[in-house]
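*Asks:* give the three-dimensional model of this entry:
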Amino acid sequence: MRAPLINNDGPATLSGRDPHASHNNLGIINGCYVPVLLNILGAVLFSRVGFSVGFLGWAGSLLLFCFSESIAYLTITSFSALVTNGRMRGGGAYYMISRSLGPAFGGSCGLLFWLTYCLNVTFNTVAFTEMFVTTFLPEWSGGNEGQIDCNVEVDPSGNAFANTFAMSPEQLKKVAVSSFTLFLVFLVGFKGAGAFARVNVVIFSGLMLSLAVGIGTIWLSRTPRAIEKKLMFLVNLSGALEDIEAELLPSRWADAQKGNLSVALFPFAWSADCPVASLDGVALSCGPNGKGANLSGDLADPGFAIPYGTLAAVSTAFFFYIMLIFGQAGSLDRIALQFDMDVMQDACINQYFIVMGISTACLSTSLGSLFGASRILQAIARDNIYPCLRPFAYGSRTGDEPRVAIVLCWAVAQIGLMLGDLSAVAPILTNFFLITYALTNLSAFFLAISKVPNYRPHFKYTHPLLSLLGAFLTLAAMVYLNALFALITVLFVLALFVYITFSFKEHSRWVDISYALAYKVAVAALRTMEGQRRDPKYWRASLALLLPIEGREATSLLGRP
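*Replies:* Numbering: from 1, shown residues only. Prediction:
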């Protein structure tokens, strides 16, 4: 029988777990493939892919997506190796990191990971509300819906949230709609994994129908519909392009070649923020994804479902993104792609198919994030790393559902709704995700190079250099997006790391990779010394034990009677 990474089930047995509780037994489809695919096929698929194609061309967009996919596949191979090495319990990436790098790394990243998921619920709930209001209650909108503005001004005083609660009546109505939507999502999550899987089937069906109609329209329609939308300074933009070559290159290069005056019309389009926003909002949306791993405690066979379900979901999503990139590049006007977030609605045979797609994508991501956040919080609480979180270790007798934890997750997401615009912290939240995936890669790397006898994963399509490359690319993406926010993220992790190191009282009950790495380094150092010539210049005494010259103690230590 394969020895697990930790011989017992680890410190998670300390509190909160009912030994008689039954567990959910979700399969690879409803427990991993569908949740991961729904999370990747988010609202950015409909609203931001065209933005990327418009500014970067289909070649630049494809390059960014390939970069993101490389990070995704490398990270998937790393956590696939971890989950197939012995027992895998609930907590996802937190469980993997804490059981390999130790409680300080796991606890610091796990808490940030949980907070990011909670606020991700807020972002997607707000996105759903914006789509709902724009489509069905336009009188509540501010009048600028559907337009992308790269001129994002930062308040020099630093009071980004000074006027947060000074909301207009229209904003208060939107908050009410968002709160009601969030409460419905909470009810599904509170019910448990069974309700989550059933609702996901309905959402999945709606999203697939929307994708089929939307992509089919721009690929199969012989006469693309004209886009008659008042946009910035342009009216009645045509949706037809005869040659996909026209949108091969990034917009600045293409305009310079053709003498296009769009740069003069829209000079702010070339601010440095737009390409970064494209990578942040689009390319990384199909990057590393831990939704399947977050449900590890609810899967019948996590060692099989997580690796292969996640690989299948990421590959399927990448196919849809590629189809949309080439379809939009070959049939939609570049200026419309750059400045109209609703261009897919205008081009589709019926805009309500796209509305349904965006709505289902936002709801599925909100539900999945709330579901994953509660399980991460439950796992952290059961390890007792933060004593104040211990009450959230509770799991129901049926399915071990984290019902107390999900209440706190809902409350944090609701507070995010009340705060208003959280776009200022969105890049930091993205970095919280990325640094967690970087540490997951490092966990697999250190376990592999330590050569510990019980590290024998079933998943064979991995290598320590691939894990190291995945960690490097993830950190490089953080720095590229925003070096300052990357530094802030690292400082957050270090602060929590130091806190846990000095406050956590149960280090002796944990087994991590530090001893194995120290042993490997010590053996390598001894072998190096053994093969070197001993020069008198650097002579030093090598003493193993000092004995008294005479006496009973000396003879007993020497083994004499």
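*Asks:* alpha carbons of the helix or strand hosting Ile415, as PDB, please.
*Replies:* With the criterion set as DSSP states H and E, the secondary-structure element containing Ile415 is helix 403-419. Taking Å, rounded to 0.1, in the frame of the first residue of the first chain, the C-alpha atoms of helix 403-419 are listed here in PDB:
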ATOM      1  CA  ARG A 403     -21.800  25.500   6.900                       C
ATOM      2  CA  VAL A 404     -20.400  27.700   9.600                       C
ATOM      3  CA  ALA A 405     -17.400  28.600   7.300                       C
ATOM      4  CA  ILE A 406     -19.700  29.400   4.400                       C
ATOM      5  CA  VAL A 407     -21.600  32.000   6.500                       C
ATOM      6  CA  LEU A 408     -18.400  33.900   7.100                       C
ATOM      7  CA  CYS A 409     -17.500  33.700   3.400                       C
ATOM      8  CA  TRP A 410     -20.900  35.100   2.500                       C
ATOM      9  CA  ALA A 411     -20.500  37.900   5.000                       C
ATOM     10  CA  VAL A 412     -17.100  38.900   3.600                       C
ATOM     11  CA  ALA A 413     -18.500  38.900   0.100                       C
ATOM     12  CA  GLN A 414     -21.500  41.000   1.200                       C
ATOM     13  CA  ILE A 415     -19.100  43.500   2.900                       C
ATOM     14  CA  GLY A 416     -17.300  43.700  -0.400                       C
ATOM     15  CA  LEU A 417     -20.600  44.600  -2.100                       C
ATOM     16  CA  MET A 418     -21.300  47.400   0.400                       C
ATOM     17  CA  LEU A 419     -17.800  48.800  -0.100                       C
END
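*Asks:* pLDDT averaged over it - what is it?
*Replies:* When pLDDT is averaged along helix 403-419, the result is 93.
*Asks:* for stretch 49-66, same thing?
*Replies:* Averaging pLDDT along stretch 49-66 gives 83.
*Asks:* then stretch 528-548?
*Replies:* On average, stretch 528-548 scores 71.
*Asks:* please apply the same query to stretch 438-455.
*Replies:* The average pLDDT within stretch 438-455 is 88.
*Asks:* and it, how far from the chain's centre?
*Replies:* Averaged C-alpha coordinates place stretch 438-455 at 21 Å from its chain's average position (C-alpha atoms, centre = their mean, to the nearest Å).
*Asks:* show me what the host helix or strand of Leu211 packs onto, helices and strands only.
*Replies:* Leu211 belongs to helix 193-220 when assigned by DSSP H and E. Using 3 or more C-beta pairs under 8 Å, 6 or more residues apart in numbering; DSSP states H and E as the contact criterion, the secondary-structure elements in contact with helix 193-220 are helix 34-40, helix 169-191, helix 302-331, helix 343-347, helix 351-382. Quick note: C-beta positions are derived from backbone N, CA and C, even for glycine.
*Asks:* can you do 10 Å?
*Replies:* Based on contacts counted as 3 or more C-beta pairs under 10 Å, 6 or more residues apart in numbering; DSSP states H and E, the elements that helix 193-220 packs against are helix 34-40, helix 44-47, helix 169-191, helix 302-331, helix 343-347, helix 351-382.
*Asks:* if we can go back for a sec, beyond the helix holding Ile415, next helix or strand please.
*Replies:* Taking DSSP H and E as the definition, the helix or strand right after helix 403-419 is helix 426-450.
*Asks:* tell me what that following helix is packed against?
*Replies:* Applying 3+ C-beta pairs under 10 Å, 6+ apart, one finds that helix 426-450 contacts helix 49-83, helix 93-101, helix 103-136, helix 273-281, helix 464-481, helix 483-503, helix 514-530.
*Asks:* comparing those helices by mean pLDDT, which bottoms out?
*Replies:* Mean pLDDT is lowest for helix 273-281 among the helices and strands packed on helix 426-450, at a mean of 46.
*Asks:* for the nearest residue to Leu367 once chain neighbours are set aside, give me the pLDDT.
*Replies:* What sits nearest to Leu367 in space, not counting adjacent residues and going by C-beta to C-beta, 6 or more residues apart in numbering, is Val185, at 5.2 Å. At Val185, the predicted lDDT confidence score is 94.
*Asks:* now do the contacts for Val185.
*Replies:* Taking C-beta atoms under 10 Å, 6 or more residues apart in numbering as the criterion, Val185 is in contact with 121, 124-125, 128, 199, 363-364, 366-371, 410, 413.
*Asks:* tell me the pLDDT at the residue nearest the centre of the chain?
*Replies:* The residue at the geometric middle of the chain, judged as the C-alpha nearest the mean C-alpha position with C-alpha atoms, centre = their mean, is Phe433 (4.6 Å). Turning to Phe433, the model gives it a pLDDT of 86.
*Asks:* wait, it touches Tyr117, no?
*Replies:* Yes: counting by C-beta atoms under 10 Å, Phe433 sits close enough to Tyr117 to count as a contact (8.8 Å).
*Asks:* Ile322: which of the contacts of Val185 is nearest?
*Replies:* In terms of C-beta to C-beta, no member of these lies closer to Ile322 than Ser364, at 21.1 Å.
*Asks:* what's the burial count for the closest one?
*Replies:* Residues within reach of Ser364, counting by other C-beta atoms under 10 Å, total 27.
*Asks:* in space, what's closest to it - neighbours in sequence excluded?
*Replies:* Taking C-beta to C-beta, 6+ apart, and ignoring the residues beside it in sequence, Ser364 has Leu38 as its nearest neighbour in space, at 3.8 Å.
*Asks:* so the one you found is in contact with Phe204, correct?
*Replies:* Yes: shown here, Leu38 and Phe204 form a contact pair, counting by C-beta under 10 Å, at 6.1 Å.
*Asks:* more neighbours, those two?
*Replies:* Leu38 (24 against 20).
*Asks:* measure that one to Ala300 for me?
*Replies:* 20 Å (C-beta to C-beta, to the nearest Å).
*Asks:* how about Gly420?
*Replies:* Using C-beta to C-beta, we find Gly420 at a distance of 42 Å from Ala300.
*Asks:* neighbour count for those two, which is higher?
*Replies:* Under the neighbour definition other C-beta under 10 Å, Gly420 and Ala300 were set side by side, and Gly420 has more, 18 against 13.
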